[in-house]
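Asker: fold the following and give me the result.
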Amino acid sequence: MRLLLALLLIALLSGCAGAPSTPPPSTTEPTRSGCVGEWPLAGKTLSSGPIPLLANSDLAVGENRLLLGLVDAEGFPLGGPAWSLKVQTFDITRDGCVPLAPAADLPFVWSTDEVRGFFIGSANFPSGAQEIGLSIVGADADGTPLSIRFTTRIASVGTALRPGTVAPPIATPIRTTSEHGLAGISTDPDPLPRLYEYSAADLIAAGTPFVIVFASPAFCVSQACGPTISVVKRATARHPGALILHVEPYLMRWNGSRVIPALDASGRLQPNEVATAWRLPVEPWIYTVDTNGVIIHSFEGVIGDAELDAAILEIDAD
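Answerer: This next block holds a predicted model:
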C-alpha cells in the first residue's frame with residue numbers, strides 16, 4: 001500500500017478543473033441514467049464561478065465524509081466560515097434526476113488558518129453506484145448566489161477501515177519503551193507526552209475507548225498534518241480524560257538526533273506496519289474506537305475543533 005497525496009490543493013490545480021482526486025475504480029466509463037443532460041462530462045464542472053476540488057482519497061459505497069475545496073479561475077483558494085453551502089448527491093449510474101437524500105449543510109473548516117480550508121459534509125452512497133453527482137448551492141460571504149455541479153467515480157469497497165469495523169489489535173509505539181524517548185517515535189517538534197503513553201493494542205484489550213491520529217508533522221505529503229496535530233493538542237486540553245494516541249505512519253530510522261523516513265529503493269516514503277494494519281490510504285487520518293474495539297468514526301485529513309469534540313464525547317459516553 002502506498003500513502004497518496006490527498007489534500008495538497010496546489011498540486012491539484014495543475015489538473016482539470018473539478019476533476020476528482022479519488023482514483024477511478026476502473027477505466028470503463030459507467031452508464032448514466034436519468035437527466036443525463038443536466039450533468040457535465042467526467043472531469044468537467046458546471047459552475048457559476050468557483051471551481052470544485054474534491055480532496056477525498058477513498059470515496060466508496062456506504063457512509064462517506066466529503067472534503068470539498070473551492071478555488072477561483074486563477075487557482076486562489078475560496079471559502080470561509082461566512083459562506084453558506086449545501087450539497088445534494090445523486091446516483092448518476094441509476095437516476096441523475098432524484099437526489100439520494102435531502103440537501104445537507106457543508107460547514108467550512110480552515111486547514112491553514114485564514115489561507116485555505118474545506119467544506120466538510122457527509123453522504124451515503126448506495127450499493128451498485130459507480131458515478132456520483134454532487135450539486136452544491138448556496139452563497140459566498142457577500143451573499144452572492146452560487147451553483148456547482150460535477151461528478152466523481154466511487155469504488156464498490158473502500159481502502160480505509162469503515163465505521164463498524166473492528167480495530168486491528170496491533171501495538172503502537174509508546175514513550176516508555178522507546179529507546180530514544182519521544183524523539184524516537186514522533187517527528188512533532190513539540191510533542192505532547194500524553195499522546196504517547198498508551199498502545200492501541202492494550203487499550204483495545206482493556207475495552208478502553210480512544211482516538212488514534214496518524215500524521216507525520218515533519219514529513220507529511222499533504223499540508224494538513226501540522227494543523228491536524230494542532231487541533232488534536234487543543235482537544236486534549238478540553239478533554240483531559242480522553243485517551244488520544246499519535247502515531248507516525250511511515251517507516252522511520254534514527255539518524256543520531258531524530259527519526260527520519262526509511263525510504264524505499266525509489267526514494268519514496270513507506271508505510272509502517274501500524275499504518276498498513278489500519279489500512280491508511282493517506283495521512284493525516286483519525287479514527288475513534290469504542291469500548292468494544294469497534295471503529296466509530298473515520299476522518300480523513302482536515303478536522304475542526306467542533307467535529308473532533310463531538311467524536312470524543314461520543315466514545316466517552318459509550
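Asker: okay, now the domains of the chain?
Answerer: For the chain, automatic domain parsing gives the domain ranges 9-153, 175-316.
Asker: which of those domains has the lowest average pLDDT?
Answerer: Ranked by mean pLDDT, the domains of the chain end with domain 9-153 in last place, scoring a mean of 87.
Asker: report the distance from stretch 197-206 to the chain centre.
Answerer: Shown here is stretch 197-206, whose average C-alpha point lies 24 Å from the average C-alpha point of the whole chain (Cα atoms, centre = their mean, to the nearest Å).
Asker: now do stretch 36-49
Answerer: The gap between the average C-alpha position of stretch 36-49 and the chain average comes to 25 Å, counting by Cα atoms, centre = their mean.
Asker: CA atoms only for that stretch, dumped as PDB, please.
Answerer: The C-alpha atoms that make up stretch 36-49 are tabulated as PDB, following Å, rounded to 0.1, in the frame of the first residue of the first chain:
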ATOM      1  CA  VAL A  36     -28.100  12.900 -18.300                       C
ATOM      2  CA  GLY A  37     -28.000  16.400 -19.900                       C
ATOM      3  CA  GLU A  38     -28.000  18.100 -16.500                       C
ATOM      4  CA  TRP A  39     -24.600  16.700 -15.600                       C
ATOM      5  CA  PRO A  40     -21.200  17.600 -17.000                       C
ATOM      6  CA  LEU A  41     -18.900  15.100 -18.500                       C
ATOM      7  CA  ALA A  42     -16.500  13.300 -16.100                       C
ATOM      8  CA  GLY A  43     -13.700  15.700 -15.100                       C
ATOM      9  CA  LYS A  44     -15.700  18.800 -16.000                       C
ATOM     10  CA  THR A  45     -17.700  21.200 -14.000                       C
ATOM     11  CA  LEU A  46     -20.900  23.300 -14.400                       C
ATOM     12  CA  SER A  47     -20.400  26.300 -12.100                       C
ATOM     13  CA  SER A  48     -21.400  29.900 -11.500                       C
ATOM     14  CA  GLY A  49     -17.800  30.700 -10.800                       C
END
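Asker: hmm, who's touching it?
Answerer: Contacts of stretch 36-49 from elsewhere in the structure, counted by Cβ atoms under 8 Å, 6 or more residues apart in numbering, are 16-20, 29, 32, 51-52, 72-73, 90, 92, 96-97, 131, 133, 145-151, 153. C-beta coordinates here come from the backbone N, C-alpha and C atoms, glycine included.
Asker: my read is residue 308 is in a helix, agree?
Answerer: Yes: under DSSP: H, G, I helix; E, B strand; the rest coil, residue 308 sits within a helix.
Asker: for residue 119, what are its contacts?
Answerer: Contacts were defined as Cβ under 8 Å, 6+ apart; by that measure residue 119 touches 66, 67, 68, 69, 70, 79, 83, 85, 106, 107, 108.
Asker: among those, which lie within strands?
Answerer: 66, 67, 68, 69, 70, 85, 108 (DSSP state E).
Asker: give me the neighbour count for residue 212.
Answerer: Using other Cβ atoms under 10 Å, residue 212 is surrounded by 22 other residues.
Asker: tell me what it is bridged to.
Answerer: In this structure, residue 212 bridges to residue 245, residue 287 when assessed by DSSP bridges.
Asker: surely it meets residue 172?
Answerer: Yes: using Cβ atoms under 8 Å, residue 212 is in contact with residue 172, at 7.3 Å.
Asker: hmm, back to that, indicate which one of the domains of the chain is closest to residue 165.
Answerer: When these are ranked by distance to residue 165, counting by Cβ to Cβ, first place goes to domain 175-316 at 5.1 Å.
Asker: need the distance between the two termini of that closest one.
Answerer: Its start and end residues considered, domain 175-316 measures 24 Å (Cα to Cα, to the nearest Å).
Asker: can you map out the helices along the stretch 151-300 of the chain?
Answerer: 200-206, 225-238, 273-277 (DSSP state H, counting those that start in this stretch).
Asker: the longest one packs against which elements?
Answerer: What it means is helix 225-238. With contacts defined as 3 or more Cβ pairs under 8 Å, 6 or more residues apart in numbering; DSSP states H and E, helix 225-238 has these neighbours: strand 108-112, strand 210-214, strand 244-247, helix 305-316.
Asker: I am finished for the moment; much appreciated.
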